[in-house]
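>>> this one's sequence-less:
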Ligand code: SF4
Ligand code: SF4
Ligand code: SF4
């Protein structure tokens, strides 16, 4: 069994804040994570049958889409849900590890796996309630989000690039990175303003990463604009009618 570092008040807790209101499920974060980590700290991230009928592989970040509906008369919507390790404060994935391969860093709270001492027993993946552990069948070891530890401290990068690959790649700005142990940090203030929440708090793992909930939508019902008229009663050409129709539709 592996012990956790002693908790000190004011300790750095690096993590991600993910805005479910604006994530569009484009997978840019997942692919940039795969690309970066295939050549970096977690290298290589294996793929099996990549172009066949049953492709599978190791991904440290996966995006799921759910159709959700609130009130009876509310239109349903798709919520995209990115999932990676939450770098928990009380991670059983670490404490169940029989070799010490899984560990939590005292200096910044990042949870990592040492591939040299991982024996591939998978106890950590059974312990993790978030499905954040990824078994690498080619190498017989466990892999997981490293919070891009090899980017965020990399002095060869410009300051603004010292962020996780997924954060850098997100085209909508749905992903934020920072110190959630500092109540005054940008990420902590964002969590406070938007009522960011923990996933499965009842499990007691105290995830560091937070999710910002989707905001309620306007109650206005969406109706499709009338199609362009077949006649040219106002003297305008049919193509002008079409552009006016498309403009009305897209301005909603
Ligand atoms: S999300 Fe899972 S793998 Fe990551 S620290 Fe928490 S328990 Fe461990
Ligand atoms: S922080 Fe790095 S390793 Fe973790 S999901 Fe983002 S890109 Fe992948
Ligand atoms: S890159 Fe950003 S918008 Fe795209 S799936 Fe990831 S979090 Fe969502």
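Looks like it came in fine. Treat the numbers as computed from the prediction; the structure is a model and nothing was measured. Numbers count the residues shown, from 1 in each chain. Ligands and ions are numbered 1, 2, ... in the order given.

>>> name the element the most centrally placed residue in the chain belongs to?
Centroid-nearest residue in the chain: residue 82, 3.5 Å away (criterion: Cα atoms, centre = their mean). Per DSSP states H and E, residue 82 falls inside strand 77-83.

>>> So which elements touch the next helix or strand after that strand?
The helix or strand immediately downstream of strand 77-83 is helix 92-95, counting by DSSP H and E. For helix 92-95, the elements it packs on are strand 102-104, helix 123-127, judged by 3 or more Cβ pairs under 8 Å, 6 or more residues apart in numbering; DSSP states H and E. Every C-beta, even on glycine, is put in place using the N, C-alpha and C of the backbone.

>>> Let me know whether residue 46 touches residue 141 as I believe.
No - here residue 46 lies out of contact with residue 141, judged by Cβ atoms under 8 Å, at a distance of 10.3 Å.

>>> So the two - more neighbours on which side?
Between residue 46 and residue 141, counted using other Cβ atoms under 10 Å, the more crowded position is residue 141 (20 against 16).

>>> Any idea what that one is bridged to?
residue 136 (DSSP bridges).

>>> residues touching it, list them.
By Cβ atoms under 8 Å, 6 or more residues apart in numbering, residue 141 lies in contact with 113, 115, 118, 120, 135.

>>> Closest one of those residues to ligand 1?
residue 113 (9.0 Å; Cβ to the nearest ligand atom).

>>> quick one: contacts for residue 153?
residue 162.

>>> Then the one 10 residues further on?
Applying Cβ under 8 Å, 6+ apart, one finds that residue 163 lies in contact with 148, 151, 152, 177.

>>> ditto for residue 109
11, 12, 13, 14, 15, 87, 89, 181, 208.

>>> what's the burial count for the nearest residue to it once chain neighbours are set aside?
Leaving aside its chain neighbours, residue 109 sits nearest to residue 13 (4.4 Å; criterion: Cβ to Cβ, 6 or more residues apart in numbering). By the criterion of other Cβ under 10 Å, residue 13 has 22 neighbours.

>>> What parts of the stretch 51-200 of the chain come near ligand 1?
With the criterion set to Cβ under 6 Å from any ligand atom, the stretch 51-200 of the chain comes near ligand 1 through 85, 86, 87, 88, 91, 93, 111, 128, 130, 132, 133, 144.

>>> measure the second one to residue 120 for me?
In this case it means residue 86. 22 Å (Cβ to Cβ, to the nearest Å).

>>> Quick check: residues of the protein near ligand 3?
Residues of the chain lying near ligand 3 (Cβ under 6 Å from any ligand atom): 23-29, 63, 80, 82, 169-170, 172, 174-175.

>>> Now the buried members of those.
23, 25, 27, 28, 29, 63, 80, 82, 169, 170, 174, 175 (16 or more other Cβ atoms under 10 Å).

>>> what about residue 86 and residue 120, which has more around it?
residue 86 (25 against 14).

>>> now the strands: where do they sit in the chain?
14-19, 47-48, 56-57, 62-68, 77-83, 102-104, 111-113, 134-136, 141-143, 175-179, 210-212 (DSSP state E).
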